[in-house]
Every structure is written in structure tokens, then in C-alpha cells.
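Engineer: pasting the structure only:
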Ligand code: NOJ
């Protein structure tokens with residue numbers, strides 16, 4: 001971390017020290033760490049961490065010389081309490097001294113996912129348990145649990161340890177879950193190997209709800225009944241109610257996910273002997289962190305408690321479904337397998353990643369995803385929380401944003417400048433200054449005298465507008481939105497429950513709508529309807545910012561934990577889900593503003609597991625520094641690993657002024673973020689691409705055009721994600737699961753399975769970059785088609801005009817190559833098909849196209865083609881998901897003229913002269929051009945004129 005000698009000016013000061021706001025532009029990368037809690041300052045985290053240390057010591061002492069795993073865990077299953085009820089195994093578990101029975105439920109799903117739930121059998125007051133309704137598919141009501149007959153329970157006692165094992169077969173894998181009675185522990189065995197292990201370290205601890213002792217006895221030192229942080233006091237009406245558990249990934253050395261942090265892709269240790277280890281656990285608590293620091297486990301704007309472990313044989317996952325503040329410790333160990341209940345004869349050293357999860361409140365509700373391969377894990381996760389739905393197609397284009405485009409004229413001039421410089425873009429954005437005094441849903445009428453005309457003018461050129469609509473509502477009785485929410489009692493309440501919770505944000509004194517109140521949600525959704533949102537059109541989309549929520553004068557810049565939500569729940573119970581509910585309400589509003597509905601587009605800063613359903617996310621306020629450019633890669637990948645696909649970082653860096661080189665490089669990387677938006681702080685210099693001059697303008701234009709050329713490929717990837725849950729951008733290990741050297745790779749990544757990007761992220765103009773070409777496959781430079789055969793490592797020298805992007809042999813990639821000013825204008829353009837021949841002479845890929853706007857695809861109005869190349873013949877046929885519905889036929893008619901205007905086959909060694917095209921029984925012959933030799937040979941068939949919706953074959957000879 002760099003030190004900062006200039007005074008820090010935070011958001012609070014911005015409100016009151018507008019005169020010095022330009023100081024904000026003086027970037028000195030200094031997060032104000034003292035604004036945010038460490039684990040030691042978060043009472044429940046500290047209690048669990050201290051407990052874990054004690055357990056570790058006691059367990060080590062116990063374990064000596066023992067052949068059976070023993071932990072000092074005080075929790076055991078009560079005698080005769082275990083039963084299998086349908087798909088759920090129920091057990092009572094109790095602490096040896098506390099004597100408060102906990103009801104454990106292990107539910108088995110068809111997919112092999114096991115859900116573990118625990119809470120007091122009779123909690124003193126109800127624990128918040130609606131996370132499942134807000135996060136799980138169909139509110140958790142329709143999860144595909146295993147049919148009762150398909151699972152079997154075996155109870156046995158070996159060496160005085162009684163275990164209950166539930167096993168079932170799934171495909172070629174055997175899944176079994178073995179619960180030991182005393183101490184309580186649980187092992188998920190995949191193909192007889194313990195993979196996910198709970199409480200084998202003895203860290204399980206459940207703080208049962210209790211009566212508050214007489215005040216002089218209440219243990220304030222440990223923060224159980226009250227906790228202070230700086231000037232804030234968190235009252236804890238329910239007292240201690242947290243829980244924690246160790247989860248070990250046995251046989252694994254790498255774990256990934258649990259965004260949002262600025263840490264490396266392969267998660268670092270947070271304790272133990274590793275010299276690179278952090279000294280704090282990873283924290284999940286949605287926060288607005290000013291000038292966040294890199295390589296740090298501090299909490300950021302979003303939280304997804306989903307972790308994936310991968311080794312050369314398998315991939316497994318854990319989804320810890322809890323919306324309260326959560327901390328996760330990670331430590332790696334190598335242990336002797338001797339002593340394991342399951343392989344007592346072996347003495348092999350097996351690695352493990354031990355994790356320790358702690359949440360402040362709610363119910364323990366954790367899903368164990370057994371894989372065993374990556375695609376299985378993503379299918380299993382998507383089954384729980386739904387995959388990313390198909391986005392509106394324009395939203396995959398380029399977004400031009402800054403805080404702020406000053407007025408209507410500025411907006412239209414930026415738009416026409418982009419057109420003049422032949423830079424395609426889809427969306428221009430308006431930040432908070434477009435409003436009347438930060439009253440969202442209003443316009444500053446001096447700057448925006450005719451917003452409708454502006455939106456229409458943009459629409460005519462195929463562009464859209466996005467307005468920011470933040471969740472804080474200015475307290476002003478003359479402001480309709482505030483008045484209606486206030487009159488209807490829609491705001492979050494203070495701890496007493498009687499007054500509206502108040503805090504500061506951009507508009508000054510504000511209130512926050514309580515999205516846990518269904519009426520309030522419905523009401524806020526309606527505010528996005530065209531008849532409510534003054535001077536909005538269907539060409540307007542929305543940006544939800546500050547929804548962690550950011551409260552400038554609140555503890556850790558957020559809402560007090562003891563603020564009250566609908567139903568009496570404390571904010572502590574729901575904090576991490578609050579932002580997602582606003583995102584949802586906004587998306588619902590946009591979806592329902594037209595009939596028939598169109599797909600919404602909403603960008604949100606705060607997020608949770610499930611946010612992928614409501615729109616895109618960005619990684620918040622980064623800085624125009626090379627280190628932030630580099631850090632954006634693991635950040636975007638970690639989110640993709642955790643099922644949040646539609647994400648990107650602010651291109652150019654939010655704070656500070658990037659120089660031309662940095663900005664050029666940022667565009668060259670940014671086109672590979674699933675969400676591609678340039679954005680900048682209000683006090684930075686203007687940096688629209690043409691302002692950089694040549695040659696940078698050309699480099700940036702080339703980069704953005706490359707994004708547009710590949711839009712059909714991106715859209716097809718999103719289609720795949722919407723069906724399979726597979727990440728859109730992927731760490732190398734996902735595509736090359738047994739190449740152990742790539743397990744921590746984050747300098748290169750895959751876009752889908754076909755394209756490898758090795759970005760240049762260094763300040764040197766001419767960089768030497770090592771590229772590792774994995775697997776026994778051909779790789780082709782996407783521009784020159786020069787080929788490389790993996791596995792091999794090559795060094796490339798790149799200047800600012802070049803980027804390292806390679807197509808993987810064996811893939812078919814479909815593009816659109818005519819330059820247009822926006823993606824909307826490309827919708828009827830012809831396609832170019834690239835075949836990158838694999839080493840065995842074959843290749844395959846897909847193309848998915850639909851209208852990009854509506855939900856007609858749900859009725860079958862799409863074209864989805866399987867493209868396969870073999871024996872020098874490319875064939876196109878409808879995917880198995882294509883159904884001959886009337887919606888399909890209508891769409892086919894609309895697309896009847898859309899054809900393939902070029903076929904490029906790269907890597908066919910034999911010189912060829914002609915292409916024989918067969919479509920609808922008609923055969924044609926076309927000449928082709930063939931150049932190059934050996935692996936980089938390129939064969940181009942100009943205008944084969946086959947139709948995208950039809951079956952056809954093109955044979956090269
Ligand atoms: C904070 C956001 O992160 C940033 O992108 C935005 O420009 C400012 N708020 C102002 O709205």
C-alpha cells in the first residue's frame with residue numbers, strides 16, 4: 001500500500017466541503033483502514049477465532065498417537081436422535097455443557113448436493129430464515145430433493161465411533177455422507193474419498209439464543225450484548241447468536257471464489273505459517289470502501305459466500321447461504337492420511353485447504369456441492385440459485401460513462417463524437433448530477449431541458465441511456481418519492497422500530513426504502529414505469545449505486561446493524577442481501593414497464609448470491625493505476641467462479657487520471673470483461689477515446705471494434721451460461737482441469753472455452769510476455785493466425801498496438817464484421833464463421849441468436865446452431881434445444897435473409913481450391929482462396945451465402 005501524504009477527502013467531506021472536492025482527484029491509494037473493522041474488532045469474529053485456536057491446540061494434543069480422528073469439539077449427537085425422514089436426515093446435536101439441543105437437518109438432493117441446516121430445536125426468538133426465500137430458485141420451494149427410495153442410511157460403530165452414512169449413486173460417481181456422532185462431524189465422500197469435511201477441526205460453535213443476564217453480569221467485554229466501534233454503539237437485543245464451523249477440502253490445494261475481495265484468484269491463506277498469508281480472514285460484508293486497497297481480504301461492495309475447490313481429479317463447492325456479516329479463514333495443510341477414519345492403512349501426505357466460516361446471525365444453512373467435475377459444480381449451483389439469464393443484447397456492447405456528462409448537449413455531443421470517430425458504442429450514462437438535487441427519478445431541468453428528446457435522439461442512432469437511481473431518498477416533503485414512501489411507512493426504521501432510520505448520503509439527510517417490505521418493493525418497482533418516472537422512455541435503463549447501503553455517517557459507512565426492517569428483523573440479519581433486493585426491485589420495474597415485457601438492464605454495485613438474476617455488477621471505485629488494471633483480472637474471474645458472470649471493472653480506473661498507455665491497455669483488457677464500461681470520477685480529466693489523439697485513438701477503436709466483432713460469440717457464451725451456469729470468462733483451470741501448473745494462473749484467462757487472453761498490464765510500452773499454451777492443442781493468434789502448439793511456453797514482445805489473444809484449436813467462433821455504430825444496428829448483419837482446426841482435424845462451436853430484447857426466446861424464438869467441422873466439412877444443424885414452435889418459425893422468417901458471408905478455416909494443411917456448398921438439397925461450388933502453409937494456413941470462402949437458420953454443409957476440397 002502506498003502512503004498518502006495528502007489529506008483524505010471522503011464522501012462525507014464531499015458533502016460539506018464541496019469547495020475542496022477537487023482533492024478527490026489526487027489519488028494516493030489510501031484506504032482508511034480504521035473506518036473498517038478487523039476480525040478482532042468484530043466481537044463475534046474474534047470469539048470464534050479465539051475458540052478455533054483453543055480447539056486447534058486441544059485437538060492436536062488429543063490426536064497424538066490416535067488412529068481415529070479426534071477433535072476436542074464439545075458437540076455430539078444425542079443418543080437415539082437420528083432418523084431419516086424422506087430425503088432428510090435429522091439429528092439432535094448438543095454441546096457437552098450448554099445442553100441446548102440443536103436440530104441438524106441433512107437434506108439430500110438428486111444432483112448429489114447436500115444441504116446442512118442447523119439451529120436451536122426451540123430458539124428463544126425466531127432466527128432470520130428468509131435468506132432461502134430471497135436467494136434460492138422458486139424461493140427454495142422446489143429444490144429437486146432425492147426421492148426417498150434412492151438413498152439409504154447405514155449406521156455402524158467402529159472403534160467406538162458411531163457413524164450414520166447416507167449413500168447414493170450418481171452417474172459414475174458414488175456420493176456418501178458420513179456423520180460421526182461424537183464429536184459431531186461430517187464427511188462428504190466423493191468416490192470414497194473424503195472431499196468436504198465439516199467439524200473435523202472441532203471449530204463448530206453455535207451461540208444459542210439466551211436471556212440477557214442481569215446487566216452487571218452481561219459480558220460486555222466479549223461484545224455479546226453490546227459492541228462499540230469508534231463512535232457507534234451496536235445494541236444487540238438478541239445477544240450472541242453467531243455460529244461458525246470448519247469446512248476442510250481434503251485433497252485440495254486451491255480454493256477460489258467468495259467475492260468480493262481484491263485478492264488473488266487462488267485464495268491466499270489467512271493464518272498459519274505461510275509468509276504470504278493475510279493476517280485477517282476474508283470478510284463478506286457489503287461496504288463502500290473509499291480507495292480500496294489491493295491484495296487484501298477486506299470486505300468490498302458485494303458478497304457471495306460460494307467457494308470452489310479444485311484439484312486435478314475433481315471440483316467441489318460449498319455455498320454458505322447466510323446474509324449476515326461473515327468471515328472466512330483459509331489455511332492450507334498437508335496431513336498424514338494415517339488417522340483418517342477412511343484410509344487407515346495409508347501413510348500418504350494429503351493436502352487440504354481448511355476453511356473456517358463464521359456468520360453473525362441467522363440459521364446455519366450450507367450446501368455441499370460434490371461435483372465431481374467443474375461443469376457438475378456449476379450445474380449444481382445454478383440449480384440452487386438460478387443461472388445468469390440472457391442479458392439484453394445491447395448490454396454486451398460498449399458503455400460510455402463518467403461522473404458526469406454535464407448536460408443534454410454534452411451527452412449528444414459525446415454520442416456524435418463517438419460516431420464521428422467510428423467507435424461503436426451502445427449506452428451513454430448519466431451519474432447523480434443529472435438529477436434535481438440528488439432527488440432520483442427527477443432531472444435537473446436547466447441541464448436537461450428535454451430528456452425525452454435526448455433519449456429519442458439517442459434511440460434513433462441505436463443508442464441507449466442509463467441513469468443512476470440510488471437507494472437513499474432525500475428527506476424533503478416536497479419530493480414526491482420521499483413523501484409517498486414516508487406516508488406509507490416504507491422506510492427502514494431505527495432500532496426502536498418507531499422512527500424512520502436516517503443517515504447521510506449524496507443528497508444530505510436521507511431515508512432508505514425497506515425492500516424487505518413487499519409493498520415497498522412493489523411501490524419502488526412502479527416508480528421505474530414510464531408513467532411514473534418523469535420524462536423516461538423505454539430507451540432508458542438504470543444504474544443502482546451506493547446500495548450496500550452506503551451511509552456516510554454510519555458505522556463502517558453503512559447502516560447500523562440494529563436498524564429495523566419489515567417483520568422486525570435487524571439489519572444485521574439481512575445486510576448482505578439489502579443491495580440485491582434493490583437490484584431486484586429495479587429490474588422488476590423495468591421488466592414490467594412494457595407489455596409484453598422486455599429484458600431489463602440494471603447495473604448494481606452491491607450484490608449477493610442470486611444477484612446474477614437481476615443484471616450486471618461492476619467492481620466499484622478502482623484507481624487509474626497499473627496495479628488496479630492487473631487486479632481487475634482476478635476480481636472478474638473470482639466473481640465468475642462464484643456464479644456472478646456479468647461483471648467488469650471501470651475501464652480507465654475511477655479515481656485519478658490514466659495516461660494514454662494505461663488507458664489504451666485498459667481498453668484492450670476491458671473488451672474481455674463480460675461487462676464493458678468506461679467510467680471516471682467527477683474530478684478527473686475528460687478521457688473519451690478521441691481526446692487521447694493518435695495512435696492511442698486507433699488502438700482503442702480497434703479494441704472496441706474487436707468487442708463488437710465478437711458480440712455473437714459473447715451472446716452465445718451468455719446463452720450457455722444461462723443454461724449450464726458455466727462462467728463466461730474462466731480461469732485457466734476450468735478449461736484445463738488437470739494442468740496443475742495453471743491452477744493459480746491469473747495473468748491469462750479464457751473467454752468461454754475458445755479464446756485465451758493474455759493481457760499486457762505493465763507500464764512498459766514494449767513488454768516481453770510469457771505465454772503458456774496449454775494442452776496438446778493448436779493455438780492461433782486471433783489476428784495473424786500464426787499458430788503455436790501446446791503444451792509450450794513462448795515469449796512475445798508486445799508494443800502498444802498489439803495484444804495477445806489466441807483461439808484454441810478445435811473451436812468454431814462466429815463473428816459479425818461490418819462496422820456499425822451500435823449493436824442494435826448489427827442485428828440483421830451477416831456472419832463470418834471461423835474454424836480453428838484442432839490437432840485431430842476437427843472443430844466445433846455454437847451460435848445462438850435471438851431478438852436480443854424480449855422474452856420470446858422462452859417460446860422458442862431463437863436460432864441456435866451446432867457448427868461442426870470434420871473431414872474438411874463444416875456442417876450447421878439446429879441445437880437439441882431448438883423446438884419447432886410457431887415463435888421459432890416466426891423468428892426464422894424474420895432472419896430468413898441473414899447469411900454467412902465468409903468462412904475462414906485456419907490450420908488446414910492441404911492446399912484447397914474449392915468449396916462445395918449444400919443447402920436445402922441444392923449444391924453449389926465456390927472458389928476459395930488459400931494462403932500460408934502448415935498450421936497457419938488460412939482458407940477463405942467468400943460469401944458461401946448459406947442461411948443462418950438453415951441446415952447446410954460446406955466441404956472444402
Ligand atoms: C460511487 C460509484 O462507485 C461511482 O461509480 C459513482 O460515479 C459515484 N458513486 C457517484 O455517483
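Structural biologist: That came through, no problem. Since the model is a prediction, treat every value here as computed from it, not as a measurement.
Engineer: can you pull the pLDDT of the closest residue to residue 850 other than its chain neighbours?
Structural biologist: Spatial nearest neighbour of residue 850, excluding adjacent residues (C-beta to C-beta, 6 or more residues apart in numbering): residue 862 at 3.9 Å. (Each C-beta comes from the backbone N, C-alpha and C, glycine too.) Model confidence at residue 862, given as pLDDT, is 98.
Engineer: quick one: residue 862 and residue 854 touch, right?
Structural biologist: No: in this structure, residue 862 is not within contact of residue 854 by C-beta atoms under 8 Å, at 10.8 Å.
Engineer: ok, those two, which is more surrounded?
Structural biologist: Using other C-beta atoms under 10 Å as the criterion, residue 862 and residue 854 rank with residue 862 on top: 24 against 16.
Engineer: residue 890 versus the residue nearest to residue 850, what's the distance?
Structural biologist: Look at residue 862 and residue 890: by C-beta to C-beta, to the nearest Å, they are 11 Å apart.
Engineer: one more: residue 747?
Structural biologist: Per C-beta to C-beta, residue 747 is found 47 Å from residue 890.
Engineer: tell me which stretches of the stretch 151-300 of the chain form strands.
Structural biologist: Ranges of strands in the stretch 151-300 of the chain, per DSSP state E, counting those that start in this stretch, are 152-158, 161-170, 173-180, 185-190, 193-198, 205-206, 226-229, 232-235, 243-250, 254-257, 282-284.
Engineer: for residue 747 and residue 890, indicate the residue with more neighbours.
Structural biologist: Higher neighbour count among residue 747 and residue 890: residue 747, with 18 against 14, using other C-beta under 10 Å.
Engineer: surely that one meets residue 631?
Structural biologist: No: assessed by C-beta under 8 Å, residue 747 is found out of contact with residue 631, at 11.9 Å.
Engineer: tell me which of the strands of the stretch 151-300 of the chain is the most buried.
Structural biologist: strand 282-284 (a mean of 28; mean count of other C-beta atoms under 10 Å).
Engineer: helices or strands up against that one?
Structural biologist: Packed against strand 282-284 by the contact rule (3 or more C-beta pairs under 8 Å, 6 or more residues apart in numbering; DSSP states H and E) you find strand 326-336.
Engineer: from the contact counts, what lies against the strand it packs on?
Structural biologist: Counting contacts by 3+ C-beta pairs under 8 Å, 6+ apart, strand 326-336 is packed against helix 43-63, strand 282-284, strand 349-359.
Engineer: and that strand, average pLDDT?
Structural biologist: Mean pLDDT, strand 326-336: 92.
Engineer: ok, stretch 848-858 next?
Structural biologist: 98.
Engineer: same check, this time on stretch 185-197
Structural biologist: Stretch 185-197 comes out with an average pLDDT of 93.
Engineer: could you find the closest non-adjacent residue to residue 784?
Structural biologist: Using C-beta to C-beta, 6+ apart and skipping the chain neighbours, the partner closest in space to residue 784 is residue 936 (7.8 Å).
Engineer: just to revisit the earlier point, for the ligand, find the nearest of the strands of the stretch 151-300 of the chain.
Structural biologist: In terms of C-beta to the nearest ligand atom, the element of these nearest to the ligand is strand 282-284, at 19.0 Å.
Engineer: near the ligand, which residues of this protein are found?
Structural biologist: Neighbours of the ligand within the chain, by C-beta under 6 Å from any ligand atom: 403, 431, 432, 468, 545, 605, 620, 621, 654, 679.
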